[in-house]
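>>> Predicted model and sequence follow; I will ask about them next.
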Amino acid sequence: MPRAKKRRKNILAPLLAVLLVLALAGTLLLSAFREKIDRWEYPQHYTEYVEYYAGKYDIDPMILYAFIRTESNFDPDVDSNAGARGLMQITEVTFDWIKTKIAPTEELTFDSLYDPETNIRFGSFFVSYCLKKYDNHLATAAAAYHNGVGAVDELLTQTQYSSDGITLDHYPYPQMRQYVRKITESYQRYSEIYG
């Protein structure tokens with residue numbers, strides 16, 4: 001009887017070592033696969049333009065990637081039901097206003113927003129404008145980007161939505177709440193994956 005127990009112990013030790021190696025290999029493969037999935041779900045396209053305009057307007061590039069992913073999923077030719085265009089989904093009214101700020105003498109039209117560089121240039125300026133206006137509070141800036149600066153400014157005057165009059169504590173409209181959540185979660189994921 002003692003010999004049989006000894007043989008079983010001799011057999012179990014190598015088997016446990018093999019199982020441990022397989023478990024470790026599986027964990028490493030799963031980790032590498034998870035990283036590929038994360039980068040597929042949160043891609044970085046148009047990097048040259050994003051990095052350049054992020055630097056120019058002093059924005060974390062991960063914020064711009066979050067806006068582009070949320071707005072168009074990196075499709076430069078997309079149009080929204082509201083008439084917004086391109087990667088960062090800029091409306092004609094917003095395009096005209098931004099043009100007076102950064103490109104008053106350039107021969108650009110609303111159709112120029114289908115060009116990725118032009119769209120990222122204009123969108124980056126507007127994101128930067130919103131961040132500066134709302135004390136670099138990403139959620140409030142996102143609400144302004146989506147619903148308009150005027151709508152956010154009006155909400156800031158109401159104590160049930162803002163305790164300091166500078167940033168929003170609550171987002172009263174379902175679409176606004178959903179958009180703010182998408183931007184902030186995307187930014188967090190981009191920062192985790194590429195940070």
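Structure's in. What do you need? Since the model is a prediction, treat every value here as computed from it, not as a measurement. Residues are numbered from 1 along each chain as shown.

>>> When you work out contacts or count neighbours from here on, use the C-alpha atoms and nothing else.
OK.

>>> List the contacts of the residue lying closest to S186 once chain neighbours are set aside.
Here the nearest residue to S186 in space, its sequence neighbours aside, is A66; by CA to CA, 6 or more residues apart in numbering that works out to 5.1 Å. When contacts are counted by CA atoms under 8 Å, 6 or more residues apart in numbering, A66 is found next to I183, T184, S186, Y187, Y190.

>>> residues of stretch 153-170 that come out buried?
Residues D153, L155, L156, Y161, S162, G165, I166, T167, L168, D169, H170 are the ones in stretch 153-170 that count as buried (16 or more other CA atoms under 10 Å).

>>> just these now: which is nearest N136?
Nearest to N136 among those: T167, at 9.2 Å, using CA to CA.

>>> list the contacts for the closest one?
Applying CA under 8 Å, 6+ apart, we find T167 in contact with Y134, D135, H137, T140, L156.

>>> host element of the residue most central in space within the chain?
Relative to the mean C-alpha position of the chain, the nearest C-alpha, by CA atoms, centre = their mean, is the one of A66, at 1.3 Å. Here A66, judged by DSSP states H and E, is contained in helix 61-72.

>>> mind checking how far the residue lying closest to S163 once chain neighbours are set aside is from E154?
The shortest distance from S163 to any residue other than its chain neighbours is 6.9 Å, reached at D169 (CA to CA, 6+ apart). From D169 across to E154, the span is 14 Å (CA to CA, to the nearest Å).

>>> again, but for I166
11 Å.

>>> One more: Y161?
Where E154 is concerned, Y161 sits at a distance of 10 Å (CA to CA).

>>> Which pLDDT does the model give D96?
The pLDDT attached to D96 in the predicted structure is 98.

>>> quick one: contacts for the residue lying closest to it once chain neighbours are set aside?
The spatially closest residue to D96, leaving aside those adjacent along the chain, is F110, at 7.9 Å (CA to CA, 6+ apart). If you count contacts by CA under 8 Å, 6+ apart, F110 has them with E92, F95, D96.
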